[in-house]
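Novice: I need the structure of the sequence given here:
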Amino acid sequence: MSLKSRAIQSWARRLHVYISMALLFVVLFFSVTGITLNRPELFESSQPNIQRSTLTLPASLFTIEDGRLKVDDNAFEAFLFEEADLSGVASGLDIYTEIEDGALLVGEVSMDFKGPGYNGSVFVDLTSETVEVETTNYGVIALLNDLHKGRNSGEVWKWFIDITALLMIFFVLTGVCLLLPKKKTLNTSIKWTVVGSVISLAVYFVAVP
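Specialist: Model (predicted):
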């Protein structure tokens with residue numbers, strides 16, 4: 001084996017070991033949640049926790065100016081996070097109003113807050129200045145399943161999943177690199193790869209409608 005080949009093998013071995021240790025708990029997490037996703041009937045037996053509350057809307061958040069409704073979006077979201085104990089990512093405001101001669105006849109505002117295993121909905125009646133809040137927590141398993149899928153988990157977590165996937169690819173490639181000089185082991189590994197691939201395809205064509 002040449003000096004260059006030895007250097008490549010040395011780096012491949014180091015990367016293979018370090019990546020495997022760095023991804024130890026991440027791989028376990030995605031493996032376990034793969035089972036909980038595939039068998040939801042075994043893990044999602046508990047009823048979701050639904051909470052409802054009613055708040056008084058501060059008058060300063062929604063005002064009428066020049067015959068139009070003026071909304072302080074940031075202040076309204078801050079009010080909901082603080083007073084209603086909401087979490088997750090907020091959707092845009094859905095607003096319906098009827099204004100006549102500068103007077104508000106009908107004013108309705110709604111928005112949603114979504115997070116992993118969590119959903120919150122807000123409905124505001126501007127004429128009565130009341131805020132109705134409903135939150136639903138679907139439990140720990142639902143939270144873990146949503147994290148597995150990257151659902152409602154935010155951009156940072158999506159990047160984490162992407163980086164983890166790339167590291168897994170490097171883990172596989174470095175493993176193949178380590179096998180290349182070992183001809184006998186490589187030949188046996190290739191046979192097992194073919195067997196595993198054929199079985200996977202057979203299961204797909206036979207079992208999947």
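
Novice: Next, the contact list for residue 23, please.
Specialist: By Cβ atoms under 8 Å, 6 or more residues apart in numbering, residue 23 lies in contact with 164, 167-168, 171. Heads up, the C-betas are built off the backbone N, CA and C, glycines and all.

Novice: Go ahead and build a PyMOL selection from the buried members of those.
Specialist: In PyMOL syntax, the buried subset of those is picked out as below (16 or more other Cβ atoms under 10 Å):
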select buried, resi 164+167+168+171
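
Novice: want to throw the contacts of residue 23 into a markdown table with pLDDT and secondary structure?
Specialist: Converted to a markdown table, those look like this (pLDDT from 0 to 100; DSSP: H, G, I helix; E, B strand; the rest coil):
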| residue | pLDDT | secondary structure |
| --- | --- | --- |
| 164 | 92 | helix |
| 167 | 92 | helix |
| 168 | 91 | helix |
| 171 | 89 | helix |
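
Novice: Now flag whichever of the contacts of residue 23 is closest to residue 121.
Specialist: Comparing these against residue 121 with Cβ to Cβ picks out residue 164 as the nearest, at 31.9 Å.

Novice: Look up how far residue 25 lies from that closest one.
Specialist: 11 Å (Cβ to Cβ, to the nearest Å).

Novice: How is this structure divided into domains?
Specialist: According to automatic domain parsing, the chain comprises the domains 3-44+142-207, 49-138.

Novice: Just name the most buried of those.
Specialist: Sort these by mean neighbour count, taking mean count of other Cβ atoms under 10 Å, and domain 49-138 sits at the top with a mean of 15.
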